[in-house]
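Colleague: No sequence on hand, only this structure:
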């Protein structure tokens, strides 16, 4: 049986990020717990400067999950990630909540 506390967040895509960066984001998402029982996809525009997320903007029209608490928890988690390289990048990240 899978407990409710197991991870339900999966990185679907983030074009322009390398494998090491994607792994770092997925590790963070795996540690992130959300309370909502809803499922769907959440999309953020991420601005990455010096290997950190400087801006994470929720893209409502591309997201199927609209639960505000879940969106905020995922956004905070993404902003805590420190990437292996001092990357500067803009990407649109899709996260699936199962």
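Modeller: Everything's here; your move. Every value quoted in this text rests on a predicted model; they were computed, and no experiment measured them. Residues are numbered from 1 along each chain as shown.
Colleague: any idea how far residue 59 lies from residue 71?
Modeller: Relative to residue 71, residue 59 is positioned 10 Å away (CB to CB, to the nearest Å). C-betas here are computed from N, CA, C, even on glycine.
Colleague: Between those two, which has more neighbouring residues?
Modeller: residue 71 (21 against 13; other CB atoms under 10 Å).
Colleague: could you list every residue that touches that one?
Modeller: Shown in contact with residue 71 (CB atoms under 8 Å, 6 or more residues apart in numbering): 42, 58, 63, 65.
Colleague: Three-state assignment for it, please.
Modeller: Following DSSP: H, G, I helix; E, B strand; the rest coil, we place residue 71 in the helix state.
Colleague: what does the model give it for pLDDT?
Modeller: Looking at residue 71, its pLDDT stands at 96.
Colleague: Going along the chain, name the strands of this protein.
Modeller: 9-13, 40-49, 52-58, 89-97 (DSSP state E).
Colleague: Given the shortest one, what are its sheet partners and their directions?
Modeller: Just to be clear, that refers to strand 9-13. strand 89-97 (antiparallel) (DSSP bridges).
Colleague: Go through the strand it pairs with and flag the buried ones.
Modeller: Judged by neighbour count (16 or more other CB atoms under 10 Å), strand 89-97 contains these buried residues: 89, 91, 93, 94, 95, 96, 97.
Colleague: nearest to residue 10, of the residues you listed?
Modeller: Set against residue 10, the nearest of these by CB to CB is residue 96 (4.6 Å).
Colleague: Tell me how far that closest one lies from residue 21.
Modeller: Residue 96 is 18 Å from residue 21, by CB to CB.
Colleague: Over to residue 64?
Modeller: Taking CB to CB, one finds residue 64 at 24 Å from residue 21.
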